[in-house]
Every structure is written in C-alpha cells, then in structure tokens.
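Asks: Got a sequence here, can you model it:
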Amino acid sequence: MKSNCQQKVTFLFIVFVLLMSSQSFGQRTVAVTPGIGTLNNTILGDTTATGARVDPNTVYVLQRGGYYLTTGTIENRFPLTVVASTGLGSRPIVQPAVGAGGTSSNSFSPRADLTLRGLYITNKDNGGSIGGLSRIMRIRADKIRVVIDDCHLDQSGQSALRFDSKNTRIYFTNSIVSNIGATIDPNNGRAFDDRGNNIDTLVIENCTFYNLTSTVLRDGGIYSNLVEIKKL
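Replies: You can find the predicted model right below:
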C-alpha cells in the first residue's frame, strides 16, 4: 500500500494536470482576417448581445504575412492577447490607416492587461506619414501588465512605449525597437518614456535597439523592481 505521503503527492499531481488541462481547453482562439479595420472590428465587436465579452480568455490570431490597417486606436479595457499564427512566414504587419481627416492614430493604448507576440507594429501610416509626437503604444491605466514578445516596433516620432500610468509591469523580450525619433527633434526618440511616472517592473531581455535619436529609457520615475537588461 502507498504511504500517506505518496498518496498526497499523487493527488497533487492529478490536480495539477487537471488544472493545466482546463486552462488549455478553456482558451478560445479567434482568427482575424487581414484588411482595413478588421483587427479593430474583430476585437471590439467580440461581444454578446448585452455588450459583455464573449469569452475573456480569448487569443486573437493574426495571419503570418498579413497586413492589418487599424482604423483607430485599440484602447482595450479588458485583458487582450494578440499573437501571430504559428508556422513560417513574416510577422503580421499592424499599421495605422489614414482617416477621413488625413490623420492617423496609435494602434494600441491599453487600459487593461495586454499581451502581443510575433507582430510588426509601425506608426508610419499607409500614407507614409509619421506624426511628430506619435507613440507606437501609449499606456493609459495604472497597475496593468504588458507583455511584448518577439515583436518589432518600428518608426515613431516620440517613443515606442510611453507611460501615462503608474505602477505598470512591462515584460519586453526577444524584440526589436527601431527608427524612433526625428533628426530635427533629437531630444525625442525614446524606446521607453516613463514621463516621470513610477514603474513597478521593467524587464528587457534579449532585445535589439537601433536608430533612436535619444535613448532607450527616459527615466524620470522610480522603479520598484530593478530594470533588468539582458542580452542572451
């Protein structure tokens, strides 16, 4: 007969397997068709008749090599995950579309947790313009978690990530930031600009930065956890 200790270990292992299985089976995926506004419409329209999210545990999957023109800022007020599809092929392109007034918007401005994986995101709109004070992402809510992995953030006037928030947790891994800023305004051109706001955590691991007119980190706030920069 098994000892009480062995029985407890077996029971805990079974519970662990069941929990992991329930998480895997519980994840809903939605494939997003490339096109103009399809990313905005799919994410923001994924609700029930009452306006609630269909499933908060949803992953929106973009086609490799696909071209996604955003028709406005995706300002999620719910946890949002957007990833590239598995397999070979280039990163899906997420790019602002020029609106009726001749201007364009940042693609993402999270107000809740956000995860992005395997994407190419640029602030150069489809008319070829980059706003002088544009940001690829402008973080707007306190205490949220942003994960950016295997992404390329390219071409923006002011910064790649700007923090208009406090106590944010940022995990930036296996990614590239390039072509931020303009030579006529070299004081801008930052990868991360905290605007003097206190940050909970900033982890930068195995990333590449090039063609920034200013600096990787414009640090005016206090970081609760050490900024960790690793090159693997």
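
Asks: Can you show me the helices along the protein?
Replies: Ranges of helices within the chain are 4-26, 38-44, based on DSSP state H.

Asks: buried sites along the last one?
Replies: Of the residues in helix 38-44, 38-40, 42-43 count as buried by neighbour count, 16 or more other CB atoms under 10 Å. Placement of C-beta: from N, CA and C, glycine included.

Asks: With only the CA atoms kept, save that helix in CSV.
Replies: The C-alpha coordinates for helix 38-44 follow below in CSV (Å, rounded to 0.1, in the frame of the first residue of the first chain):
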residue,chain,number,x,y,z
THR,A,38,-10.5,44.0,-39.4
LEU,A,39,-8.4,44.0,-36.2
ASN,A,40,-10.4,46.8,-34.6
ASN,A,41,-13.7,45.4,-35.6
THR,A,42,-12.9,41.8,-34.6
ILE,A,43,-11.6,42.7,-31.1
LEU,A,44,-14.1,45.4,-30.2
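
Asks: looking only at pLDDT, what's the mean for that helix?
Replies: Mean pLDDT, helix 38-44: 97.

Asks: again, but for stretch 94-114
Replies: When pLDDT is averaged over stretch 94-114, the result is 89.

Asks: and if you look at stretch 202-216?
Replies: 92.

Asks: Equivalent analysis for stretch 177-191, please.
Replies: Rounded mean pLDDT across stretch 177-191 is 86.

Asks: Please state the offset of that stretch from the chain centre?
Replies: Stretch 177-191 sits 20 Å away from the centroid of its parent chain (CA atoms, centre = their mean, to the nearest Å).

Asks: Please name the bridge partners of the most centrally placed residue in the chain.
Replies: Computing the C-alpha centroid of the chain and ranking residues by CA atoms, centre = their mean puts Leu116 first, at 3.8 Å. Under DSSP bridges, the beta-bridge partners of Leu116 are Val82, Ile148.

Asks: and if you look at Arg28?
Replies: Thr58.

Asks: pretty sure it is touching Pro56, no?
Replies: No. At 9.2 Å, Arg28 and Pro56 do not qualify as touching, with contact defined as CB atoms under 8 Å.

Asks: For those two, indicate the residue with more neighbours.
Replies: Arg28 (13 against 10; other CB atoms under 10 Å).

Asks: Which residues are in contact with that one?
Replies: Applying CB atoms under 8 Å, 6 or more residues apart in numbering, we find Arg28 in contact with 54-55, 57-59.

Asks: how about 10 Å then?
Replies: Neighbouring residues of Arg28 by CB atoms under 10 Å, 6 or more residues apart in numbering: 46, 54-60.

Asks: Next: Arg145.
Replies: Shown in contact with Arg145 (CB under 10 Å, 6+ apart): 79, 110, 112-115, 168-171, 200-201.

Asks: from those residues, which is closest to Gly72?
Replies: Pro110 (14.4 Å; CB to CB).

Asks: burial count for that closest one?
Replies: Per other CB under 10 Å, the neighbour tally for Pro110 reads 26.

Asks: which residues touch it?
Replies: Residues near Pro110 by CB under 10 Å, 6+ apart: 73-80, 116, 137-141, 144-146, 165, 168.

Asks: from those, which would you call buried?
Replies: 73-76, 78-80, 116, 137-141, 144-146, 165, 168.

Asks: gap between the nearest residue to Gly87 once chain neighbours are set aside and Cys151?
Replies: Leaving aside its chain neighbours, Gly87 sits nearest to Arg64 (6.2 Å; criterion: CB to CB, 6 or more residues apart in numbering). Going from Arg64 to Cys151 by CB to CB, to the nearest Å gives 13 Å.
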